[in-house]
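S.K.: Whatever this is, show me its structure:
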Amino acid sequence: MLLVEKGKAYIYKNFLMILRTLLILAFLIACTNSVFSQTSDTSVSTTKNTNINSPIVYVKFCVDTNGKITNVFVSKIKCRNCTKKEKESYKSEAIRVLSSSPDWKPAKEKVYFTVPIKFDLTD
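M.R.: Numbers count the residues shown, from 1 in each chain. The predicted structure follows:
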């Protein structure tokens, strides 16, 4: 009897862990869609693009206990045939978009995220 109860508790604990992970993923998808909808002059795409020259900027940031986005910086940029000036403009636009996004759901402790932002250069 005790072994069966421990088994049920183990399954229930794993179920809660999986459910929590799915909720976090759904939250991240909703937040990135919110961020991408705020771009003003640069087209940002969340879909797969066949253009290999489209720059991808990886932005790292922190969500604090008040839901504010802090410590926004570019951790990496992938861009073929981009000049240094173009890379800087992509970096600054990605930082601007994330910094101006609305507050996120407050975290229990500081949480760091890395989000890839792909710029669609097609007309």
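
S.K.: Every contact and neighbour count from this point should use C-alpha atoms.
M.R.: Noted.

S.K.: can you pull out the strands in the chain?
M.R.: Using DSSP state E, the strands of the chain run over residues 44-45, 56-63, 69-78, 111-119.

S.K.: now the angle from the longest one to strand 111-119?
M.R.: Which is strand 69-78. 40 degrees (axes from the mean of the first three to the mean of the last three Cα atoms, to 10 degrees).

S.K.: returning to what we had before: can you tell me which of the strands of the chain is packed in deepest?
M.R.: Of these, the one with the most neighbours on average (mean count of other Cα atoms under 10 Å) is strand 56-63, at a mean of 21.

S.K.: got a list of contacts for it?
M.R.: Contacts of strand 56-63 with the rest of the structure, by Cα atoms under 8 Å, 6 or more residues apart in numbering, involve 69-79, 90-91, 94-95, 104, 106-107, 110-119.

S.K.: rewinding a little: is it possible to get TSV of the strands of the chain that adds mean pLDDT and distance to residue 85?
M.R.: Shown next, in TSV, are the strands of the chain (pLDDT from 0 to 100; distance: least, Cα to Cα, whole Å):
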stretch	mean pLDDT	distance to residue 85
strand 44-45	48	19
strand 56-63	92	14
strand 69-78	90	13
strand 111-119	89	15
